[in-house]
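1. Provided below are the primary sequence and the corresponding predicted coordinates.
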Amino acid sequence: MIQKILIANRGEIALRIIRACKEMGIKSVAVYSDVDRDALHTRSADEAYYIGESDSRKSYLNMDKLISVTKQSRCEAIHPGYGFLAENHLFANKIQSAGLIFIGPDAKALKLVADKIAARNTVRDTGAPIIPGMMGKAEQKNEFNREAEKIGFPVIVKASMGGGGKGMRIVWNAEELTQAIELGSREALSAFGDDTVYIEKYIEEPRHIEFQVLADNYGNVIHLFERECSIQRRYQKIIEESPSCALNDELRKRMGETAIKIIKACNYNNAGTVEFLFDKNKNFYFLEVNARIQVEHPVTELITNTDLIKEQIKIASGNKLSYIQDDIQQNGHAIEARIYAEDPNNNFIPSPGKILHLIEPSGPGIRLDSGIYEGYEIPVFYDPLISKLIVWGETRDVAMSRMNRALNEYRIIGVKTILKLLTHIIKDERFIKGTMNTHFLDNFEIDESNENLEKIAAVAALCETLVSKEKHTPQEPSRKTSLWKIIGRESALG
Ligand code: MV4
């Protein structure tokens, strides 16, 4: 087994990996930028090394620096987490060339699944369903017009090296096509350094359902069932759950077997996710392979009783899978809500700043994967995801009530967050019935009429805390409804 791991990441996922290392008796090494000197991951690892300026290009994306610190600290392996360099095949290659272990897929598999056209070809050859569309690069511009007529409108323009929706364009008729190709390929070039685009049939109002897989270095592959990830905005997931309300046992079995077939065809190893689009007629289509541990992995861990980070480390150490497919059972229901420090009333712009006051939910069925603490300053430089609240219940109803209860316990004062939006989402009839699709949050309006009252109460509550701290005397309860209740999610007026 690997004895010492460098974690090339920050925030909640760095902490998640450090915790797995501690439980496995593996030494952990954190890396930090200027602004992350006081971050939790920096404090929690066995050792921490400074790697550069706050701009991630100067620190968390600096491959050579990361590899030199790995050697200097005598680590044998690097865990990339998600984002940053997690799916970069050049990084995986460099690590291997340096005689170190990349805790993730082989560079070759990473390279294959990053190329959407190449992945579509590999998947088609397995007989798995793919979205009707182009299977190669267009040699001439007029090829797009011919293909679009063959596929039928609407079509979608995608960047072959793309991800996260960049370079994507929905095209409803032939007149719009030429410009969409032009704009899409320009956007693809600046975002991915490659202007290759292709077109597919546009699937309207699909659900996004993905399967977690584990593959060892000896060709053994299992799936750990699905996650429903349809509730998102601008390709950023907000709520995920497992099982998905859309699947029955027959579909679930078919999709799981398809995911395994795809992973085998790609010679993919370690943890990964096979994404599917699921249409109104219950057809599913391969979308892409995510070659990393994902943000929403805890949902799978809670319903399958597994630890995916430990499995990643064991696989990278050269162990065979410790499970066969029949060992993996779905038990109960899990829901994850992502807490972003963003302003829901101002187009979700990031809301960096100091956490002035923090109360975290706990109790039965609650898991909180968080990277913050009271007094911590959320930097502007990185992703605004600050914590993940994951709940488990024996049924979906129990999990939903538990999520509601936990969101109501949560208090984050000092920065704007989407906490309140989350409480509205889980009370939405479409969520309760489980009939959501990827357009769930389009035109989603919430009533923030108590917003001012909350602000005033927050200031008053802070004053009260400061005064009581100064006096060193316990605060007498002076009113029936505490200020803390007012600033909570349950309105004191209601
Ligand atoms: C699609 C699609 C509909 N039809 N492809 C968005 C991110 C990128 N990875 C793939 N995406 C989509 N591809 C076809 N042919 C709709 C989306 C899409 C989406 C996919 C998954 C999760 C959320 C989404 C939100 C909007 C659009």
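-> Done, it's in.

2. helix/strand/coil for Ala406?
-> State at Ala406, reduced to three classes by DSSP: H, G, I helix; E, B strand; the rest coil: helix.

3. how about Asn267?
-> coil.

4. that one touches Ala109, doesn't it?
-> Yes: with contacts counted by Cβ atoms under 8 Å, Asn267 reaches Ala109, the gap being 5.5 Å. For the C-beta atoms, the positions are set from N, CA and C on the backbone; glycine is no exception.

5. more neighbours: these two, which one.
-> Neighbour totals were compared for Asn267 and Ala109, and Ala109 leads with 22 against 14 (other Cβ atoms under 10 Å).

6. grab the nearest non-local neighbour of the closest residue to the ligand within the stretch 51-200 of the chain.
-> Using Cβ to the nearest ligand atom, the closest approach of the stretch 51-200 of the chain to the ligand is made by Glu200 at 4.0 Å. Closest residue to Glu200 apart from its sequence neighbours, by Cβ to Cβ, 6 or more residues apart in numbering: Gly133 at 3.2 Å.

7. which residues does the one you found contact?
-> 120, 147, 151, 155, 198-201 (Cβ atoms under 8 Å, 6 or more residues apart in numbering).

8. one more time with 7 Å
-> Applying Cβ atoms under 7 Å, 6 or more residues apart in numbering to Gly133 gives the contacts 151, 198-201.

9. for His424, grab the count of nearby residues.
-> Neighbour tally, His424, other Cβ under 10 Å: 17.

10. buried ones in stretch 43-55?
-> Going by neighbour count (16 or more other Cβ atoms under 10 Å), the buried part of stretch 43-55 is 44-45, 48-49, 51-52, 54.

11. any idea how far Lys388 is from the residue lying closest to Glu342 once chain neighbours are set aside?
-> Sequence neighbours aside, Phe348 is the residue nearest to Glu342 in space, at 4.4 Å (criterion: Cβ to Cβ, 6+ apart). Phe348 is 17 Å from Lys388, where distance means Cβ to Cβ, to the nearest Å.

12. and the residue nearest to Ser33 when sequence neighbours are not counted, how far from Leu40?
-> Distance criterion Cβ to Cβ, 6+ apart; nearest residue to Ser33, sequence neighbours excluded, is Ser59 at 3.8 Å. Relative to Leu40, Ser59 is positioned 17 Å away (Cβ to Cβ).

13. quick one: which of the two has more around it?
-> Counted by other Cβ under 10 Å, Ser59 and Leu40 do not tie: Ser59 has more neighbours, with 24 against 20.

14. and the more buried one, what does it touch?
-> 33, 51-53.

15. check Gly152 too.
-> Gly152 neighbours (Cβ under 7 Å, 6+ apart): Lys201.

16. and it, how far from Trp172?
-> Note on Gly152: its distance to Trp172, by Cβ to Cβ, is 11 Å.

17. could you do Val123 as well?
-> In terms of Cβ to Cβ, Val123 sits 27 Å off from Trp172.

18. residue nearest the middle of this protein, spatially speaking?
-> In the chain, the centroid-proximal residue (Cα atoms, centre = their mean) is Val295; its distance is 3.0 Å.

19. the nearest residue to that one once chain neighbours are set aside: which element?
-> Leaving aside its chain neighbours, Val295 sits nearest to Tyr82 (6.0 Å; criterion: Cβ to Cβ, 6+ apart). Assessed by DSSP states H and E, Tyr82 sits outside every helix and strand.

20. for Tyr82, give me phi and psi.
-> Tyr82 adopts backbone torsions of phi -120, psi 160, taken as degrees, to the nearest 10.

21. per-residue pLDDT, it?
-> For Tyr82, the pLDDT comes out at 98.

22. list the contacts of it.
-> Contacts for Tyr82 (Cβ under 7 Å, 6+ apart) come out as 13, 292-295.

23. mind checking the end-to-end distance for stretch 6-14?
-> Stretch 6-14 has an end-to-end distance of 10 Å (Cα to Cα, to the nearest Å).

24. for stretch 346-364, same thing?
-> Terminal residues of stretch 346-364 are spaced 35 Å apart (Cα to Cα).

25. just to revisit the earlier point, the more surrounded of Val123 and Trp172?
-> Shown here are Val123 and Trp172; by other Cβ under 10 Å, Val123 has more neighbours (24 against 12).

26. looking at the stretch 301-450 of the chain, which residue is nearest the ligand?
-> Thr438 (3.9 Å).

27. verify the stated contact: that residue with Pro206.
-> Yes: contact status for Thr438 versus Pro206: in contact at 5.9 Å, counting by Cβ atoms under 7 Å.

28. for stretch 297-307, which positions count as buried?
-> Applying 16+ other Cβ under 10 Å to stretch 297-307 flags 297-304, 306-307 as buried.

29. make CSV from those and add pLDDT, distance to the ligand and secondary structure to it.
-> As requested, those are exported to CSV (pLDDT from 0 to 100; distance: Cβ to the nearest ligand atom, whole Å; DSSP: H, G, I helix; E, B strand; the rest coil):
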residue, pLDDT, distance to the ligand, secondary structure
His297, 98, 17, helix
Pro298, 99, 19, helix
Val299, 98, 16, helix
Thr300, 99, 17, helix
Glu301, 99, 22, helix
Leu302, 98, 22, helix
Ile303, 98, 21, helix
Thr304, 98, 23, helix
Thr306, 98, 24, coil
Asp307, 98, 26, coil
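
30. closest one of those residues to Leu462?
-> The nearest member of the buried residues of stretch 297-307 to Leu462, counting by Cβ to Cβ, is Pro298 at 31.9 Å.

31. with Ser242 as the reference, measure out to the closest residue in space to the closest one that isn't next to it in sequence.
-> Spatial nearest neighbour of Pro298, excluding adjacent residues (Cβ to Cβ, 6+ apart): Ile390 at 4.5 Å. Distance of Ile390 to Ser242, given as Cβ to Cβ: 10 Å.

32. low-confidence ranges in the stretch 351-494 of the chain?
-> Residues of the stretch 351-494 of the chain meeting the criterion pLDDT under 70: 447-455, 457-458, 468-494.

33. try 50 this time
-> Scanning the stretch 351-494 of the chain for pLDDT under 50 picks out the ranges 489, 491-494.

34. output the set of residues of it in proximity to the ligand.
-> Counting by Cβ under 6 Å from any ligand atom, the stretch 351-494 of the chain comes close to the ligand at Thr438.

35. just to revisit the earlier point, tell me, how many residues neighbour the residue of the stretch 51-200 of the chain closest to the ligand?
-> 21.
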